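J.: Here is a sequence together with a model predicted from it:
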Amino acid sequence: MFKRSDDKVGQSSPTQTNKKVRPVSTPAAKPSNNAPSIIGADVRLTGNLVTTGEIQFDGSIEGDLECGALTVGNSAQVSGNIKAETVTVHGKVSGTINAKRVKLEQSSKVIGDIVHQDISVASGAHIEGSLKRVDSAPAAKPAAPNPASSKAAE
C-alpha cells in the first residue's frame, strides 16, 4: 500500500512532511528491589556524590555526600559534609552530618557537628563536635519589618 520508489529518494511529495522519525526508546528498567549502591573499600573519590537512593560506602571520599540513606562502612573515610534522611556510621567522618536519623555505631569516629532529629550513639562511639537537635518542621523565619508600618509609627 505504501511504497516508495528508489528514484524519489530525498524528494518529498505533497503528502509527506519533513519530520524525522526517531526510533522509539524504552525507558531504562527500574530495579525491582531497592538495593543500595555499594562503593567498595578500594574506591577513592574526589568530588561530591549525589543520589536520591541508598548508598553503602566503604571507600574513601574527599567531598560531600547527599543521598536518601547512607551507611558508612568500617573501612570508610569521609572528608566532607553528609546530608541524608538516615545515616549509619561505622567508620570515620570528618565533616558535618545533617540527617533526620543518625546512628553512630561502636566503631564510628565523627569529627564535626551533627544536626539531627533523632540520634542513637552506641557505647564506644567517638564524637568531636556538637550535637544539635532540630524539629521536623523548619523554624519560621521572623517577618521582615515593613517600611510602611515603621514610617506610620514615627
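T.: Happy to help now that I have it. Numbers count the residues shown, from 1 in each chain.

J.: from here on, contacts and neighbour counts on C-alpha atoms
T.: Noted.

J.: quick one, strands of this structure?
T.: Across the chain, reading from the start of the chain, the strands by DSSP state E fall at 37-39, 44-46, 49-50, 54-57, 60-62, 65-72, 77-79, 82-89, 92-94, 97-104, 109-111, 114-121, 126-128, 131-133.

J.: With mean neighbour count and mean pLDDT added, can I get the ones you listed in JSON lines?
T.: As requested, those are exported to JSON lines (neighbours: other Cα atoms under 10 Å; pLDDT from 0 to 100):
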{"stretch": "strand 37-39", "mean neighbour count": "15", "mean pLDDT": "94"}
{"stretch": "strand 44-46", "mean neighbour count": "13", "mean pLDDT": "96"}
{"stretch": "strand 49-50", "mean neighbour count": "14", "mean pLDDT": "95"}
{"stretch": "strand 54-57", "mean neighbour count": "22", "mean pLDDT": "96"}
{"stretch": "strand 60-62", "mean neighbour count": "20", "mean pLDDT": "97"}
{"stretch": "strand 65-72", "mean neighbour count": "21", "mean pLDDT": "97"}
{"stretch": "strand 77-79", "mean neighbour count": "21", "mean pLDDT": "98"}
{"stretch": "strand 82-89", "mean neighbour count": "22", "mean pLDDT": "98"}
{"stretch": "strand 92-94", "mean neighbour count": "21", "mean pLDDT": "98"}
{"stretch": "strand 97-104", "mean neighbour count": "22", "mean pLDDT": "98"}
{"stretch": "strand 109-111", "mean neighbour count": "20", "mean pLDDT": "98"}
{"stretch": "strand 114-121", "mean neighbour count": "18", "mean pLDDT": "97"}
{"stretch": "strand 126-128", "mean neighbour count": "15", "mean pLDDT": "97"}
{"stretch": "strand 131-133", "mean neighbour count": "13", "mean pLDDT": "96"}
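
J.: How much space separates the nearest residue to Ala125 once chain neighbours are set aside from Thr88?
T.: With Cα to Cα, 6 or more residues apart in numbering as the criterion, Ala125 has its nearest non-adjacent residue at 4.5 Å, and that residue is Gln106. Computed with Cα to Cα, to the nearest Å, the distance linking Gln106 and Thr88 is 11 Å.

J.: May I ask you to confirm that Thr46 is in contact with Asp64?
T.: No - with contact taken as Cα atoms under 8 Å, Thr46 and Asp64 are classed as non-touching, separated by 9.2 Å.
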